[in-house]
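> sequence and predicted structure below; questions after.
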Amino acid sequence: MTPRPERFEPPTWRAADAPTFAVVGKVNMGKSAVLATLLEEDDDAIIRISDEPGETTRCQRLSLTLDGVERLRFIDTPGFQQPIEALRAIRELAARPERGPGPGDLARFVERYADTETFVDECALLAPILEGAGVIYVVDPCVRLHDAFIAEIEILRLSAGPRLAVLNPKGETAPAYESAWRAELGKAFNLVRTFNAFAARFDARRELLAALNQIDERDRDHLSDTLERLDTEWVQRREEAAELIADCLARALTHTERTSYVDEATPETARRAALAEAHRRYFAAIADLERETTDRLLGVYRHRHTKAHLQPVLAEDIDLTEADTWQRFGLDRRQLTFAGAATGAAGVGWIDIATAGHTLGLATLFGGGVGGALAWFKGDALPSLNLSIGRRATLGGRALTVGPPKSPNFAWILFDLILLRYRAILGLTHAERRRDGLVAASGSRGAAKEGVVAQLPAERQKRLARWFKALAKDVETHRSDGEARAAIEATLAEVERRPAGPND
Ligand SMILES: Nc1nc2c(ncn2[C@@H]2O[C@H](COP(=O)(O)OP(=O)(O)O)[C@@H](O)[C@H]2O)c(=O)[nH]1
Ligand SMILES: [Mg+2]
């Protein structure tokens, strides 16, 4: 007997201990995108999402892993190429044609064509289903329901396992054909759910997994347990995020830059130059810290390929005293509210900086080459950052320390900015791969303008204000403060409930 060609050996797609689902549908409906978002996989090398039809030519195994254990398995498939012809072939092969095709005829179809060059994709996508995998059928309800789709649905109806249909609307507007799709899908699927691969956040992911539980009676306990673990892991991530943010604040609020200068013939000139350099370094260090924290938060939420980039560099001639400058950033001076009310606001300069920070990101403001951040802060007309400055004489010269800012608002500005970053991170999906980096808080309006901290309960504001003060006095003793950590965590939970708007 001649050995069978390799592709005849059926691989075992189904996992012994993890419920398995084949993700099927026409090419380009967003099957891979749905899986990328559902499984939080942003790596092109692992899940390829592409406009080019037919890029996926083989089935691919992907897992939902929690605590290092595969809990659910998904098979990404190439998708249907010739559903109408395939359905005709299945009907022709039907054991009892007078009754129409039955479940056994799917196997007959694969057996007949697996060895040929015909229906290659259909055979590939049916293989895991014939092994008993459930079906997740992905369609775009913005696309008209035509005969080829009806043939796909008819083929999938013959499968024996649980079947879920997922509407992934790719268009911007309300899906034009949703009701037609739902009516047709209702005949062949246990459940129909909407899941927008480019918009789904944690709740939507959880709902889709819960839908699997509803349709898959075989594995109900396992799926319930999986959902519980998913929730636990989500809380752990928030705890980790709170720790990173607390650490960033503690470091930023106590950071200083040292410099020295020599008392030469023109000591005042030397002093100014040294001071300017120390200011520049101070702002650069804070911007780095903010960027580093944002990158680590992206990591906590499994965004391995998105980085916190700088915003586009501002024009050097920007002048915060000009009304049209404010308008350029969508700001109205009268609306400039800030947590200052609760924390004892400093002068107008502070409000200016707070707002500019929200809008542009501290990284831009401090690190973005705005003639050095000093262009923003020097001169009476412009806001002043007012860093603490220490001086002492050294051998043959003087030493200077710069930072931290004197105003208590600095902590709130930073905290607010990080919260906006956090919100933007939670709004990212793993399917929509933003290689241009996280652009949160850029030119934002609406909620971002008011910020988050201004709306915190007064009790929590007070608790955090006490912590900020304590840090400034003695960072080592107060760095890990359980209550402050809990206040940050509670704030993160609230931010998660307020989704980022389209402009945030
Ligand atoms: N706007 C938008 N585009 C999507 C969505 N899902 C997928 N796409 C795009 O549609 C194309 C095909 O997606 P892909 O997941 O590769 O489809 P597949 O062939 O079914 O796996 C890609 O260009 C995706 O970026 C979505 O929810 N919204
Ligand atoms: Mg694909």
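Done, it's in. Ligands and ions are numbered 1, 2, ... in the order given.
> show me the contacts for the residue of the chain at minimum distance from ligand 2.
Nearest to ligand 2 in the chain, going by CB to the ion, is Ser32, at a distance of 3.3 Å. Heads up, the C-betas are built off the backbone N, CA and C, glycines and all. With contact set as CB atoms under 8 Å, 6 or more residues apart in numbering, Ser32 has these partners: Ile47, Arg48, Ile49, Ser50, Thr56, Asp76, Ala431.
> let's go with 10 Å and repeat that
Going by CB atoms under 10 Å, 6 or more residues apart in numbering, Ser32 touches 23, 41, 47-50, 55-56, 60, 62, 76-77, 79, 138, 197, 431.
> let's verify it: helix, strand, or coil?
helix (DSSP: H, G, I helix; E, B strand; the rest coil).
> re earlier: pull out the buried members of the contacts of Ser32.
23, 41, 47, 49, 56, 60, 62, 76-77, 79, 138, 197, 431 (16 or more other CB atoms under 10 Å).
> for Leu230, see how far away Asp67 is.
10 Å (CB to CB, to the nearest Å).
> ok, these two, which is more surrounded?
Neighbours were counted for Asp67 and for Leu230 using other CB atoms under 10 Å; Leu230 has more, 17 against 8.
> which ones are touching the more buried one?
Each residue near Leu230 by CB under 10 Å, 6+ apart is listed here: Leu64, Leu66, Arg71, Phe202, Arg205, Arg206, Leu209, Ala210.
> can you pick out the most distant pair from those residues?
Largest separation among the contacts of Leu230 by CB to CB: Arg71 and Phe202, giving 16.2 Å.
> what does the model give the closest residue to Glu432 other than its chain neighbours for pLDDT?
Leaving aside its sequence neighbours, Glu432 sits nearest to Phe198 (CB to CB, 6 or more residues apart in numbering; 4.6 Å). Here, the pLDDT recorded for Phe198 equals 94.
> secondary structure class for Phe198?
coil.
> in this structure it contacts Asp140, no?
No: the pair Phe198 / Asp140 is not scored as a contact, 11.6 Å apart, by CB atoms under 10 Å.
> sorry, back to before: neighbour count for Arg71 and Phe202, which is higher?
Set side by side, Arg71 and Phe202 show more neighbours around Arg71, with 21 against 15, by other CB under 10 Å.
> next, give phi and psi for the residue nearest the centre of the chain.
Closest residue to the average C-alpha location of the chain: Leu428 at 2.8 Å, with CA atoms, centre = their mean. Torsion angles at Leu428 (phi, psi; degrees, to the nearest 10) stand at phi -80, psi 140.
> centroid-wise, who is the farthest residue in this structure?
The chain, CA atoms, centre = their mean, max distance from centroid: Ala265 (56.1 Å).
> element containing it?
Using DSSP states H and E, Ala265 sits in no helix or strand.
> got the confidence number for it?
Looking at Ala265, its pLDDT stands at 71.
> among the buried ones among the contacts of Ser32, find the lowest-pLDDT one for me.
Among these, Thr56 carries the weakest pLDDT, at 63.
> quick check: which ranges of the stretch 201-350 of the chain have low pLDDT?
By pLDDT under 70, the weakly predicted segments of the stretch 201-350 of the chain are 309-350.
> can you name the residue of it nearest to ligand 1?
Proximity to ligand 1, evaluated over the stretch 201-350 of the chain using CB to the nearest ligand atom, is greatest for Ala204 at 11.3 Å.
> higher neighbour count, Phe198 and Asp140?
Neighbours were counted for Phe198 and for Asp140 using other CB under 10 Å; Asp140 has more, 18 against 15.
> which residues touch the closest residue to ligand 1 within the stretch 351-500 of the chain?
Residue nearest to ligand 1 within the stretch 351-500 of the chain (CB to the nearest ligand atom): Ala431, separated by 5.9 Å. Counting by CB under 10 Å, 6+ apart, Ala431 makes contact with 30, 32-38, 40-42, 47, 49, 168, 196-200.
> Arg280 reaches Glu257, doesn't it?
Yes: the pair Arg280 / Glu257 is scored as a contact, 8.8 Å apart, by CB under 10 Å.
> who touches both of these two?
Val402.
> quick one: Leu209 from Glu117, how far?
As judged by CB to CB, Leu209 and Glu117 stand 38 Å apart.
> tell me which of those two has more neighbours.
Neighbour count, other CB under 10 Å: between Leu209 and Glu117, Leu209 has more, with 17 against 6.
> where do the strands of the stretch 101-250 of the chain begin and end?
Secondary structure of the stretch 101-250 of the chain, counting by DSSP state E, counting those that start in this stretch: strands at 134-139, 163-167, 191-194.
> apart from its neighbours in sequence, what residue is nearest the residue of the stretch 201-350 of the chain closest to ligand 1?
Phe195 (6.0 Å).
> what residues are up against the one you found?
Contacts of Phe195 (CB under 10 Å, 6+ apart): 30, 33-34, 37-38, 136, 138, 164, 166-169, 204-205, 207-208, 211.
> who in the stretch 151-300 of the chain is up against ligand 1?
Residues of the stretch 151-300 of the chain lying near ligand 1 by CB under 6 Å from any ligand atom: Asn168, Lys170, Asn196, Ala197, Phe198.
> mind running it again at 5 Å?
For the stretch 151-300 of the chain, the residues in contact with ligand 1 (CB under 5 Å from any ligand atom) are Lys170, Asn196, Ala197, Phe198.
> I'd like the average pLDDT over whichever strand or helix holds Ala424.
Using DSSP H and E, Ala424 maps to helix 409-427. Averaged across helix 409-427, the pLDDT comes to 81.
> just the CA coordinates of it, formatted as PDB?
What follows is helix 409-427, C-alpha atoms only, in PDB (Å, rounded to 0.1, in the frame of the first residue of the first chain):
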ATOM      1  CA  ASN A 409      -1.000  70.300  41.400                       C
ATOM      2  CA  PHE A 410       1.900  68.600  39.700                       C
ATOM      3  CA  ALA A 411       0.900  65.300  41.200                       C
ATOM      4  CA  TRP A 412      -2.600  65.600  39.900                       C
ATOM      5  CA  ILE A 413      -1.600  66.600  36.400                       C
ATOM      6  CA  LEU A 414       0.600  63.500  36.200                       C
ATOM      7  CA  PHE A 415      -2.000  61.200  37.700                       C
ATOM      8  CA  ASP A 416      -4.600  62.600  35.400                       C
ATOM      9  CA  LEU A 417      -2.400  62.100  32.400                       C
ATOM     10  CA  ILE A 418      -1.600  58.600  33.300                       C
ATOM     11  CA  LEU A 419      -5.300  57.800  33.800                       C
ATOM     12  CA  LEU A 420      -6.000  59.100  30.300                       C
ATOM     13  CA  ARG A 421      -3.300  56.900  29.000                       C
ATOM     14  CA  TYR A 422      -4.800  54.000  30.900                       C
ATOM     15  CA  ARG A 423      -8.200  54.700  29.400                       C
ATOM     16  CA  ALA A 424      -6.700  54.800  25.900                       C
ATOM     17  CA  ILE A 425      -4.900  51.500  26.400                       C
ATOM     18  CA  LEU A 426      -8.100  49.700  27.500                       C
ATOM     19  CA  GLY A 427      -9.800  51.100  24.400                       C
END
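> just the buried residues of that helix, please?
409-427.
> again with stretch 69-89
71-84, 86-87, 89.
> narrow those residues to those in helices?
With helices taken from DSSP state H, the overlap with these comprises Pro83, Ile84, Ala86, Leu87, Ala89.
> nearest to ligand 1 among those residues?
Using CB to the nearest ligand atom, those come closest to ligand 1 at Pro83, 14.0 Å.
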